[in-house]
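> structure of the sequence below:
(chains A and B)
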Amino acid sequence: MSVLELKGITKRFGKFTAVEEVSFEIREGEVFGFIGPNGAGKSTTIRAIIGAISPTSGEVRIHGKPVAVQPDYRKYIAYVPGDVQLWPNLTGGEVIRFFMKMSGNADTEKMEALIREFRLDPKKKCKTYSKGNRQKVALISAFLSDADLLIFDEPTTGLDPLMERTFHRQVLAAKSEGKSILLSSHILSEVEKLADRIAIIREGKIIETGRFSELKHITRVHYRVRTPDDLAEVGRMKGVHEFRQEGPEAEFLVDADRVKGVLGVLRGYELDSLETLPPKLEDIFMRYYDTGSGAS
Amino acid sequence: MRHYFRLSMKDTRFRIFWWIFGIASLTLMMPPAFHGLYPTQGDRDVLKATMENPAVIAMTGPIQEGDYTLGVMFSHEMAVFMAIVIGLFNIMIANSLSRRKEDDGLLEVVLSKNITRGGVFSAQVLLGLLMNAILALVLFAGLQSFGYESMETADNFLYAAQTFGFGLFFYGLTLLIAQLLPSADWAFGIMLAVLLLGYAYRAATDVAAPDLSVISPYNWISRLSLYSENEVVWLVPFFLGPVFLIAAWLLFRNRDLGDSVIRLQVNRRIRNIGSHLRLAFTLSRTLIISWLAGLLLLGASYGSVLGDLESFIGDNEMLRQMAGEGGSGLTVQFVGTLMVIVTIIGLVPPLMVMGKLLKEERRSHLEILGTLNISRLRMMGDYMILALATGALSLFLANAGMYAASLGVEGIGLTFRDYTVSTLNYIPAVMLFTGLSAFLIGLHHRLHVIVWLYLFYNFLVCYLGQLLGLDDIYRILTPFYYLNETPNEAVNLTACLAVGGVGLLLMALGHLLFRKRDLS
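Coordinates of the predicted model:
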């Protein structure tokens, strides 16, 4: 059964439509990636889920029941906003303890372990924390809660790479406990690492939903090649974009469904090195815009 | 510097405009009003006789010797009172330009952009000079335009000059305090205390020991003898304003950003905040405690005046007759007026507590609290409980202060019970204002300012109405028209129930609206 289900969520602010007919579901024990550029409607969707705003139309269902008939549905949710604002005059430890009290959790051992793992100094007042440290407070609180749906909005923007790894570890640990995770981000590689399925939102509408592998057709693979040969031939192939070659170094994008053919042709050249760079969100969107407008 | 000045100007110009507009129109409304109400010297002399008592002196400062001309009347009733508003104006703007910007991390950004500390500070100073100069100019031009006989150019100029001096004094002091204390909230709190306690101190000493009053800047305004002797020399102490500015610059030049001269870092044990009510209280504790202390002091300073009032009435045959009932009637009547004023001031902290809820919303804390399964009902309800409790305690402490300070006075004939009954009588007003506040918050996150305007209207009508003899018609829109004026009238239970009932209704509506409303 799905833990969370959105059915045709639309939210209008006056004449402006922030999100339109957004639908997806998250199953038990699943990490769900929710990606899109800034201002696409990710946060609006999340705010509708947590009840900060009510959708103009559509329905949010938790554990199969509309939230309208279960006013206390938020006990199933733990949420970490993108820009965490904490109470400036409370210490991080005080905030974490308050969050625990509110969600009826008293596992101080786990709390201390998480504080250690995220390397947080809980005795400092929140106003002295950097963005990353404020985020840690909220993340620790979320991982401590008994909620079975964790919602993270751009969770790693303030974290250093080491802490990012800690976060990833904790997400996988939560998943192994059977919790579901909604991970909103504009960084594709992060979502790719963690998410079982993704939804892509653009200008308020979901444009793609599915497993990452199923969505390969809309992505492009970014290659960087060192070769003494001239690759202009490759650059003219169908499905190859933004081809550039300067001396021995060439870079280009290949539509994911054309990779096979391009690699076949490349085999005929003398290659010193071949690097595959991780796909970026922009590349997906570039492809989407290209096909959307009929150009290539 | 020029760019930063222009930027700060753009950032604050609307606020500055509304302050100047408000202060100027409130001030300039008065001379024609006084002229209409008391057209002849005879009328004004009669008024002066009734005004020459400790109660009025406590409110407006001592009355000057000589004729109570239109100009003297205007300056006596307005200058000291408007100084509070002008002080508040300067404190808020100075704090928002200095410490608030620093707390928000904006100064850091600006200073990294090739703008020097000197540039930042001169922009702050320049804006302070400019806004006070514009206010003074507007007042001067307005007063000149009336062309009243007793309000000559030199008089009007001095009136405008003291406005400028008083404003700059508080602007400078705020900038100085902003360097001394560790946050904008602290700076604002301390400056507000200086502003209000300075007024309360002046009120008490003007009546009891006029020589000691000179410490308070408000008293310098009285000593200027505006519109009569024009003792220009009393402008000199206002030069402390520039001195504060220089001191502030010396401190600002050498300290680290975010640091302060006085560090208030106390290493406390970890508080265990186990409920939303507890959280709400923790967030508003400083505010609540300092206002309660302030109201106790305010009540006490008013109470300390009552003794002098008593002996004054005893000496004055005419007033004794007016008062009847052996002379204590007038004091009791005066106590009744004071209780209304104290109640209106006591309504500020509950509204500020309700404002905390909006602040929580603005910082998107309510979103997080929502996902902790804390309902909107509880969020608003807890702040409402705090607001009501704070309001009730405010009234009680102000009344208790008044009672305690007047214990030594014989013949007032008011018992502690009378003061308690009076507290209870005005609690429906607390309910009404809290209810209106909740209703507005429920309606939209930007509407809360209306309840403040309404409170200010109440204050104007009840405070100035008393001095001006305003028609009762203006009071119809305030709860004080319906609630009887204890202790000189008995409690009107029906009115209490009605006002309190409207309050409850507004609270319920506020809850309903807030539950459905989108968070900002």
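
> up against chain B, what does chain A have?
A:47, A:50-54, A:71-72, A:74-75, A:77-79, A:81, A:83, A:85-87, A:89-91, A:93-94, A:97-99, A:101-103, A:123, A:127, A:138, A:147, A:151 (CB under 8 Å from any CB of the partner chain). To be clear about C-beta, it is placed using only N, CA and C from the backbone, and glycine gets the same treatment.

> any regions of the chain where pLDDT drops low?
With no chain named, the answer covers chain A. For chain A, applying pLDDT under 70 flags the ranges A:216-217, A:279, A:281, A:284-296.

> please go with chain B instead
Checking chain B against pLDDT under 70 turns up B:265-268, B:310-329, B:410-411, B:466-469.

> get me the contact residues on it for chain A.
Within reach of chain A by CB under 8 Å from any CB, chain B has these residues: B:103, B:183, B:270-276, B:279, B:282-283, B:363-375, B:516, B:518-519.

> please indicate which of these are buried?
B:103, B:183, B:273, B:276, B:279, B:282-283, B:364-375, B:519 (16 or more other CB atoms under 10 Å in any protein chain shown).

> which residues touch the one helix or strand A:Phe99 maps to?
Element membership for A:Phe99, per DSSP states H and E: helix A:92-102. With CB atoms under 8 Å, 6 or more residues apart in numbering or on different chains as the contact definition, helix A:92-102 has outside contacts at A:86-87, A:90, A:106-107, A:111, A:115, A:120-124, A:126, A:129, A:133, A:136-137, A:140-141, A:144-145, B:270-276, B:279, B:369, B:372-374.

> which of the residues of chain A next to chain B fall within helices?
Judged by DSSP state H, helices contain the following of the residues of chain A next to chain B: A:Arg47, A:Gly93, A:Glu94, A:Arg97, A:Phe98, A:Phe99, A:Lys101, A:Met102, A:Ala138.

> dump the residues you listed to CSV, plus distance to B:Ala498 and neighbour count.
Conversion of these to CSV gives the following (distance: CB to CB, whole Å; neighbours: other CB atoms under 10 Å in any protein chain shown):
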residue, distance to B:Ala498, neighbour count
A:Arg47, 40, 24
A:Gly93, 49, 18
A:Glu94, 43, 24
A:Arg97, 45, 24
A:Phe98, 40, 24
A:Phe99, 43, 24
A:Lys101, 41, 18
A:Met102, 39, 22
A:Ala138, 47, 23
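
> from these, which is closest to B:Leu129?
Checking these against B:Leu129 with CB to CB, the nearest one is A:Glu94 at 43.2 Å.

> how is the closest residue to A:Thr227 other than its chain neighbours assigned, secondary-structure-wise?
Take A:Thr227 and drop its neighbours on the chain: the residue closest to it by CB to CB, 6 or more residues apart in numbering or on different chains is A:Leu271, 5.1 Å away. Recorded secondary structure, A:Leu271: coil (DSSP: H, G, I helix; E, B strand; the rest coil).

> three-state assignment of the nearest residue in space to B:Thr69 that is not next to it in sequence?
For B:Thr69, ignoring the flanking residues on the chain, the nearest one in space by CB to CB, 6+ apart is B:Ser150 at 3.7 Å. Following three-state DSSP, the label given to B:Ser150 is coil.

> show me the contacts for residue 30.
All of this is about chain A. Neighbour list for A:Glu30: A:Val3, A:Lys175, A:Ser180, A:Ile181, A:Asp196, A:Arg197 [criterion: CB under 8 Å, 6+ apart].

> that's the wrong chain, I meant chain B
With contact taken as CB under 8 Å, 6+ apart, B:Met30 is in contact with B:Phe74, B:Glu77, B:Met78.

> and the residue nearest to A:Ser57 when sequence neighbours are not counted, how close does it get to A:Ser23?
Spatially, and ignoring its direct neighbours in sequence, A:Ser57 is nearest to A:Thr10 (4.8 Å; CB to CB, 6+ apart). Distance, A:Thr10 to A:Ser23, by CB to CB, to the nearest Å: 10 Å.

> so what's in contact with the two at the same time?
By CB under 8 Å, 6+ apart, the residues touching both A:Thr10 and A:Ser23 are A:Gly58.

> what are the buried residues along whatever helix or strand B:Glu361 lives in?
Assessed by DSSP H and E, B:Glu361 sits inside helix B:348-362. For helix B:348-362, a neighbour-count test (16+ other CB under 10 Å) marks B:348-358, B:360-361 as buried.

> which one of those sits closest to chain A?
Checking those against chain A by CB to the nearest CB gives B:Glu360 as the nearest, at 8.7 Å.

> which one is the closest one nearest to, not counting chain neighbours?
Spatial nearest neighbour of B:Glu360, chain neighbours left out: B:Leu366 (5.4 Å); criterion: CB to CB, 6+ apart.

> what about the residue nearest to B:Thr69, how many neighbours?
18 (other CB atoms under 10 Å in any protein chain shown).

> that one against B:Asn156, yeah?
No: the pair B:Ser150 / B:Asn156 is not scored as a contact, 10.8 Å apart, by CB atoms under 8 Å.

> so A:His222: helix, strand or coil?
Under three-state DSSP, A:His222 falls in the strand class.

> check contacts around it.
A:Glu251, A:Phe252, A:Leu253, A:Thr276, A:Leu277, A:Pro278, A:Pro279, A:Lys280, A:Asp283.

> contact partners for B:Asn230?
Each residue near B:Asn230 by CB under 8 Å, 6+ apart is listed here: B:Ala154, B:Asp155, B:Leu158, B:Leu224.

> give me the secondary structure label for it.
On the three-state scheme (three-state DSSP), B:Asn230 is labelled coil.

> how about it, phi and psi?
phi 50, psi 60 (degrees, to the nearest 10).

> filter the contacts of B:Asn230 down to the buried ones.
Using 16+ other CB under 10 Å, the buried ones in those are B:Asp155, B:Leu158, B:Leu224.

> report the closest residue of the stretch 401-520 of chain B relative to chain A.
Ranked by CB to the nearest CB, the top residue of the stretch 401-520 of chain B for proximity to chain A is B:Asp518, at 3.9 Å.

> excluding sequence neighbours, find me the nearest residue to that residue.
Closest residue to B:Asp518 apart from its sequence neighbours, by CB to CB, 6+ apart: A:Ile53 at 3.9 Å.

> what of A:Ala68?
Residue nearest to A:Ala68 in three dimensions, not counting chain neighbours: A:Glu59, with 7.7 Å by CB to CB, 6+ apart.

> OK, contacts around that neighbour?
Applying CB under 8 Å, 6+ apart, the residues contacting A:Glu59 are A:Leu6, A:Lys7, A:Gly8, A:Ile9, A:Pro66, A:Ala68.

> would you turn those residues into a markdown table with secondary structure and distance to B:Leu250?
Listed next are those as a markdown table, based on DSSP: H, G, I helix; E, B strand; the rest coil; distance: CB to CB, whole Å:
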| residue | secondary structure | distance to B:Leu250 |
| --- | --- | --- |
| A:Leu6 | strand | 60 |
| A:Lys7 | strand | 65 |
| A:Gly8 | strand | 64 |
| A:Ile9 | strand | 58 |
| A:Pro66 | strand | 64 |
| A:Ala68 | helix | 62 |
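
> nearest to A:Val31 among these?
Nearest to A:Val31, judged by CB to CB, of the contacts of A:Glu59 is A:Leu6 at 16.7 Å.
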